[in-house]
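K.L.:
give me a 3D structure for the following:
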Amino acid sequence: MTSPSASSRKALSKIASNRLQKELMEWQVNPPAGFKHKVTDNLQRWVIEVNGAPGTLYVGETYQLQVDFPEHYPMEAPQVIFVPPAPHHPHIYSNGHICLDILYDSWSPAMTVSSICISILSMLSSSTAKQRPADNDRYVKNCKNGRSPKETRWWFHDDKV
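P.N.:
Residues are numbered from 1 along each chain as shown. Next comes the predicted model:
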């Protein structure tokens with residue numbers, strides 16, 4: 001889908017590699033409900049299956065997240081996108097980019113892939129309408145040529161969804 005940013009094309013640091021191996025082992029023992037890691041031989045890119053939670057607009061629907069880890073994870077946030085087709089949601093663009101503060105400005109090295117997944121599921125579950133962001137077409141047009149969502153200056157102004 002989207003090509004990773006220049007920083008995430010570099011090999012993982014020893015710290016990042018150790019942290020991801022630890023997170024992967026924890027995931028295998030205690031995966032977050034509604035998520036399934038699709039096993040590959042690439043520690044730097046995870047593909048995660050997301051199932052819509054019961055009682056929400058997305059119940060019975062399945063989506064895929066692509067998580068690309070930068071060289072200096074967890075000091076730097078991973079790039080997380082939905083592999084199209086992305087869910088219709090006021091904070092998810094049709095190209096899979098997600099407007100969620102913890103993926104950018106509010107990232108903390110204490111966060112994990114599991115905590116990201118839980119936040120995304122919470123965001124999906126709280127939605128009251130299946131619709132694209134108002135600026136979807138303009139944003140997607142501006143993201144041609146593999147632009148990373150981490151290159152976007154996000155404006156986090158809606159905490160209702």
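K.L.:
list of residues touching the top helix by length along the chain?
P.N.:
Longest helix in the chain by number of residues (criterion: DSSP state H): helix 14-29. Contacts to helix 14-29, defined as C-beta atoms under 8 Å, 6 or more residues apart in numbering, come from residues 12, 37, 43-44, 69-74, 112-114. The way it works is simple: take the backbone N, C-alpha and C, and place the C-beta from them, glycine included.
K.L.:
7 Å instead, please
P.N.:
With C-beta atoms under 7 Å, 6 or more residues apart in numbering as the contact definition, helix 14-29 has outside contacts at 12, 37, 43, 69, 71-74, 112-114.
K.L.:
what do you get for stretch 105-120?
P.N.:
Around stretch 105-120, the neighbours that count as contacts under C-beta under 7 Å, 6+ apart are 23, 27, 32, 35, 46, 48, 67, 74-75, 77, 80, 98, 100, 102, 156.
K.L.:
show me the residues you listed that map onto strands.
P.N.:
Among those, the members found in strands (DSSP state E) are 35, 46, 48, 67, 80.
K.L.:
partner residues bridging the residue most central in space within the chain?
P.N.:
Centroid-nearest residue in the chain, with C-alpha atoms, centre = their mean: Val80, separated by 2.8 Å. Beta bridges link Val80 to Val67 when assigned by DSSP bridges.
K.L.:
just to check, it is in contact with Ile102?
P.N.:
No: look at Val80 against Ile102 with C-beta atoms under 7 Å: they stay out of range, at 9.4 Å.
K.L.:
quick check: Ile81 touching Gly96?
P.N.:
Yes: shown here, Ile81 and Gly96 form a contact pair, counting by C-beta under 7 Å, at 4.0 Å.
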